[in-house]
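**Q** I'd like to go over a predicted model; first the sequence, then the structure.
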Amino acid sequence: MKTAGMWRGVIEEYRAYLPVEKDWPVITLLEGNTPLIPCERLAAGIDSKIELYLKFEGLNPTGSFKDRGMTVGVTQARRIRAQAVACASTGNTSAALAAYAAAAGCRAL
């Protein structure tokens with residue numbers, strides 16, 4: 001059930017567009033719903049007729065846009081009862097994987 005004004009995370013908000021069935025339990029840290037920041041000076045330097053906004057993805061739980069994909073990936077891993085998840089990364093992907101694996105109760109490698 002959605003409470004008015006309450007963000008539920010990327011999967012619950014966009015489930016109809018994602019490869020996630022409605023009965024699957026979701027692993028979320030309430031990622032997404034980051035603000036759009038108007039960039040008037042940058043827009044003026046490109047074309048005075050446009051409005052330009054940038055997404056502030058640093059407000060995601062691990063500070064990265066990687067959280068948006070990781071919620072889906074780790075949700076899929078838990079659906080198949082994976083005991084561990086892994087990725088090749090030295091940066092934001094590995095940080096997101098560790099956070100979502102912890103939320104799912106599985107090991108991150």
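**A** Here it is on my side, so go on.

**Q** For this structure, which residues score under the pLDDT cut-off?
**A** Residue ranges of the chain with pLDDT under 70: 1-4.

**Q** which residue of it sits farthest from its center?
**A** For the chain, the residue at maximal distance from the C-alpha centroid (CA atoms, centre = their mean) is residue 48, at 32.3 Å.

**Q** what does stretch 68-81 contact?
**A** Stretch 68-81 is contacted from outside by 9-11, 18-20, 24-29, 31-32, 60, 85, 93, 96-97, 99-101, 103-104, 106, using CB atoms under 8 Å, 6 or more residues apart in numbering. C-beta coordinates here come from the backbone N, C-alpha and C atoms, glycine included.

**Q** Buried members of the residues you listed into ChimeraX, please.
**A** If you want just the buried ones from the contacts of stretch 68-81 in ChimeraX, going by 16 or more other CB atoms under 10 Å, the selection is:
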select :9,10,11,20,26,27,28,29,31,32,60,85,93,96,97,99,100,101,103,104,106
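
**Q** Point out the ones among the contacts of stretch 68-81 that are inside strands.
**A** residue 85 (DSSP state E).

**Q** Now do stretch 35-50: distance from first to last residue.
**A** End-to-end distance of stretch 35-50 (CA to CA, to the nearest Å): 19 Å.

**Q** Would you indicate which residues of it are buried?
**A** Buried residues in stretch 35-50, counted by 16+ other CB under 10 Å: none are found.

**Q** Now intersect the contacts of stretch 68-81 with the helices, please.
**A** 10-11, 93, 96-97, 99-101, 103-104 (DSSP state H).
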